[in-house]
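Trainee: sequence unknown, structure follows:
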Ligand SMILES: [Zn+2]
């Protein structure tokens, strides 16, 4: 909103659907949920009514449990009609995990961005029994806690193939500005970056709905991380650019259907918060970096709370993203220790 009277964030449907069940969140749009075995314990999926079939948005991770829930959904809220198309917003396993299964088992078309498809297929094929030397070097560079590092070096790392079904060749590409017809609506594709490269969001032309993926979440801030794949990346710059660009399209009329947590209205306010969260974190971090510090030493100013076991990995890659952003923008310098850990320090 340009007049400064943006509406507060609201949640018109505070009761999420049961596994295998669905809530009709808008005309012709079913909201469903699939469980995740992580701290964030669910992903939202949406089924768009095509009359004689369905278009799904997101698919959940590949597991026996999620396949069984889909089976229940086919017989239940999907009323026995086939899934002919799956739209995937980005390459993370909770979104693309079963896309290959829908393609192979049910002949569904996979629709996603080129980067999402390439990343997912590359990582799905890259199975490792132990962390690669590049990953270990990256963890050292981030200053990973010695005990955590020693433990991780001796065990099988998280592999995409563990939670992503094989992706056969063949997908349909969507890109910025494309029009997609689905579920009786026409949607415009807008690309976001930062949480995942080339993430698709879909904005209905009538202005009533936005499929937000993990780019537009309400109560949690999407993870912005740097990984060994691209260890000098600056995804935070891309996140900030995306928020500023997408904010121009936000209105108080839109109901946002996000990848996690509850559907919400009040997108203009939320876009501002998504930006301000990081601007505030960067200011606190800069204060903290009066003395040379590793990324792992920056949790307190960044997250303002203690980081526990299951959160450690995500916190570390996010801390690196913030340090690297300050470095890319010339606000900190860095030196490397004998152990290969970057120490970051304010330049002024
Ligand atoms: Zn994601």
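Mentor: Perfect, thanks for sending it. From a predicted model like this one, the values you see are computed outputs, not experimental measurements.

Trainee: CA atoms for contacts and neighbours, from now on please.
Mentor: Will do.

Trainee: next, give phi and psi for the closest residue to residue 219 other than its chain neighbours.
Mentor: Spatially, and ignoring its direct neighbours in sequence, residue 219 is nearest to residue 261 (7.0 Å; Cα to Cα, 6 or more residues apart in numbering). Backbone torsions for residue 261, taken as degrees, to the nearest 10, come to phi 60, psi -150.

Trainee: can you check the pLDDT for residue 261?
Mentor: The score at residue 261 is 97. That number is its pLDDT.

Trainee: got a list of what it touches?
Mentor: Contact analysis of residue 261 by Cα atoms under 8 Å, 6 or more residues apart in numbering lists 42-44, 217-220.

Trainee: what's the next secondary structure element after the helix or strand in which residue 274 is found?
Mentor: Using DSSP states H and E, residue 274 sits within helix 267-288. For helix 267-288, the following helix or strand on the C-terminal side (DSSP H and E) is helix 299-303.

Trainee: just checking, what packs against that next one?
Mentor: For helix 299-303, the packing partners by 3 or more Cα pairs under 8 Å, 6 or more residues apart in numbering; DSSP states H and E come out as helix 267-288, helix 312-328.

Trainee: one more time with 6 Å, if that's ok
Mentor: helix 267-288 (3 or more Cα pairs under 6 Å, 6 or more residues apart in numbering; DSSP states H and E).

Trainee: list the buried ones in the helix it packs on?
Mentor: 267-271, 274-275, 278, 282, 284-286, 288 (16 or more other Cα atoms under 10 Å).

Trainee: JSON lines please, covering those residues and showing pLDDT and distance to residue 319.
Mentor: Putting those into JSON lines (pLDDT from 0 to 100; distance: Cα to Cα, whole Å) gives the following:
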{"residue": "267", "pLDDT": "98", "distance to residue 319": "26"}
{"residue": "268", "pLDDT": "97", "distance to residue 319": "27"}
{"residue": "269", "pLDDT": "97", "distance to residue 319": "25"}
{"residue": "270", "pLDDT": "97", "distance to residue 319": "22"}
{"residue": "271", "pLDDT": "96", "distance to residue 319": "21"}
{"residue": "274", "pLDDT": "94", "distance to residue 319": "17"}
{"residue": "275", "pLDDT": "93", "distance to residue 319": "16"}
{"residue": "278", "pLDDT": "91", "distance to residue 319": "11"}
{"residue": "282", "pLDDT": "97", "distance to residue 319": "10"}
{"residue": "284", "pLDDT": "97", "distance to residue 319": "12"}
{"residue": "285", "pLDDT": "98", "distance to residue 319": "9"}
{"residue": "286", "pLDDT": "97", "distance to residue 319": "12"}
{"residue": "288", "pLDDT": "97", "distance to residue 319": "12"}
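
Trainee: and the furthest pair within the residues you listed?
Mentor: The distance between the two most remote of the buried residues of helix 267-288 (Cα to Cα) is 31.7 Å, for 267 and 288.

Trainee: circling back: ok, of the buried residues of helix 267-288, which one's closest to residue 241?
Mentor: residue 275 (9.4 Å).

Trainee: quick check: that closest one vs residue 323, distance?
Mentor: With distances taken as Cα to Cα, to the nearest Å, residue 275 is found 17 Å from residue 323.

Trainee: one more: residue 144?
Mentor: When residue 144 is compared with residue 323 (using Cα to Cα), they lie 14 Å apart.

Trainee: and the two? Which one has more around it.
Mentor: Neighbours per residue (other Cα atoms under 10 Å) separate residue 144 from residue 323, with residue 323 holding more: 29 against 22.

Trainee: what sits closest to that one if chain neighbours are left out?
Mentor: Per Cα to Cα, 6+ apart, closest to residue 323 is residue 295, 6.6 Å.

Trainee: phi and psi next, for residue 54.
Mentor: Residue torsions, per degrees, to the nearest 10, at residue 54 are phi -130, psi 150.

Trainee: again but with residue 42, I slipped
Mentor: The phi and psi values for residue 42, taken as degrees, to the nearest 10, are phi -160, psi 160.

Trainee: now swap in residue 16 and tell me
Mentor: Dihedral angles phi and psi of residue 16 (degrees, to the nearest 10) take the values phi -70, psi 150.

Trainee: can you give me the neighbour number for it?
Mentor: When neighbours are counted by other Cα under 10 Å, residue 16 comes out with 16.

Trainee: and if you look at the one 10 residues further on?
Mentor: Around residue 26 sit 13 other residues, with neighbours defined as other Cα under 10 Å.

Trainee: compute the distance between it and residue 248, please.
Mentor: Residue 26 sits 23 Å away from residue 248, taking Cα to Cα as the criterion.

Trainee: again with residue 93
Mentor: Residue 93 is 29 Å from residue 248, by Cα to Cα.

Trainee: more neighbours: which of the two?
Mentor: Neighbour comparison, residue 93 and residue 248: the larger count goes to residue 93, with 23 against 12 (by other Cα under 10 Å).
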